[in-house]
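[1] Predicted model and sequence below, questions to follow.
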Amino acid sequence: MKLALLGYGKMGQIIEKFAVERGHEIVLKITIDNQEDLTRENLKAADVAIDFSTPDSVLRNIDVCFDAQVPVVVGTTGWYGKLQEVKDDCDKSNNTLLYGSNFSIGVNLFFKLNQTLAKLMNNYPAYEVQVEEIHHTQKLDAPSGTAITLAEGIVENLERKQEWLNEVVGTGVELFPKPEQLLIESHRIENIPGTHTVIYSSEVDEIEIKHTAHNRAGFALGAVVAAEWVRDKKGFFNITDIFE
């Protein structure tokens with residue numbers, strides 16, 4: 001395939017490495033310094049675009065992909081408030097978008113495990129649940145998209161939780177969730193790999209499920225696999241569709 005990389009930071013560079021190893025060609029790289037090169041004409045040289053940019057630029061990038069009728073894989077998070085709007089645009093214009101809060105195979109297995117555990121916990125009301133996420137200080141959005149996916153998996157499957165709310169530790173604002181609210185606690189610490197933990201606590205014990213990313217390679221490989229999967233499809237997809 002011919003690929004366009006929208007965002008060429010650490011993730012973009014690792015994606016390039018995996019893509020080339022798998023026989024693909026990078027025909028366009030968009031960085032913070034050459035935004036003007038992201039045009040319909042330039043994008044048309046690509047079979048698929050992969051976006052790991054920023055929450056500020058991702059919606060414009062998606063628009064340009066739709067205009068060029070180029071399928072786009074979106075790994076950027078921090079834009080999910082506009083998800084329905086983007087899905088409507090995608091469907092109306094007969095385009096292709098695959099998004100995910102996390103592209104690693106391990107995390108997607110973790111999502112399934114989280115949903116199963118939440119269902120089991122409907123029978124055990126003594127357990128209170130919360131989500132904790134730790135990332136490096138360069139991560140711009142909080143909570144992480146992965147933490148949001150975990151929280152939504154709990155809210156959808158655990159009847160006593162109706163919504164989630166987020167506390168960023170270290171900002172001086174402490175939240176006190178209501179019984180029907182699920183707390184996501186976000187930590188930003190130097191040089192820490194992405195770590196997500198779901199904790200069920202009772203007076204007698206505690207159950208934790210946890211995923212720790214050792215590096216970005218799992219995310220990058222997953223993004224390339226997603227681009228291969230989505231190439232000849234039409235519609236609006238989530239990374240979980242690949243694992244069904």
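    Everything's here; your move.
[2] Just the strands from the protein, written as ranges.
    Secondary structure of the chain (DSSP state E): strands at 2-6, 25-30, 48-51, 72-74, 96-99, 128-135, 163-168, 181-188, 195-201, 206-212, 235-238.
[3] quick one: which of those strands is nearest residue 65?
    Closest approach to residue 65 among the strands of the chain is made by strand 72-74 (4.0 Å; C-beta to C-beta). Glycine gets a C-beta too; all of them are placed from N, C-alpha and C.
[4] Can you say which of the strands of the chain is packed in most?
    Mean neighbours per residue, mean count of other C-beta atoms under 10 Å, is largest over the strands of the chain for strand 72-74, with a mean of 28.
[5] quick revisit: need the strands of the chain in JSON lines (columns: mean pLDDT and distance to residue 89).
    As requested, these are exported to JSON lines (pLDDT from 0 to 100; distance: least, C-beta to C-beta, whole Å):
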{"stretch": "strand 2-6", "mean pLDDT": "98", "distance to residue 89": "17"}
{"stretch": "strand 25-30", "mean pLDDT": "98", "distance to residue 89": "20"}
{"stretch": "strand 48-51", "mean pLDDT": "98", "distance to residue 89": "15"}
{"stretch": "strand 72-74", "mean pLDDT": "98", "distance to residue 89": "12"}
{"stretch": "strand 96-99", "mean pLDDT": "98", "distance to residue 89": "9"}
{"stretch": "strand 128-135", "mean pLDDT": "96", "distance to residue 89": "29"}
{"stretch": "strand 163-168", "mean pLDDT": "94", "distance to residue 89": "26"}
{"stretch": "strand 181-188", "mean pLDDT": "95", "distance to residue 89": "28"}
{"stretch": "strand 195-201", "mean pLDDT": "97", "distance to residue 89": "30"}
{"stretch": "strand 206-212", "mean pLDDT": "97", "distance to residue 89": "32"}
{"stretch": "strand 235-238", "mean pLDDT": "96", "distance to residue 89": "9"}
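[6] got those strands as a markdown table, with distance to residue 174 columns?
    Output for these, formatted as a markdown table (distance: least, C-beta to C-beta, whole Å):
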| stretch | distance to residue 174 |
| --- | --- |
| strand 2-6 | 37 |
| strand 25-30 | 40 |
| strand 48-51 | 35 |
| strand 72-74 | 33 |
| strand 96-99 | 32 |
| strand 128-135 | 13 |
| strand 163-168 | 7 |
| strand 181-188 | 10 |
| strand 195-201 | 18 |
| strand 206-212 | 21 |
| strand 235-238 | 33 |
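[7] Nice, that's everything, thank you.
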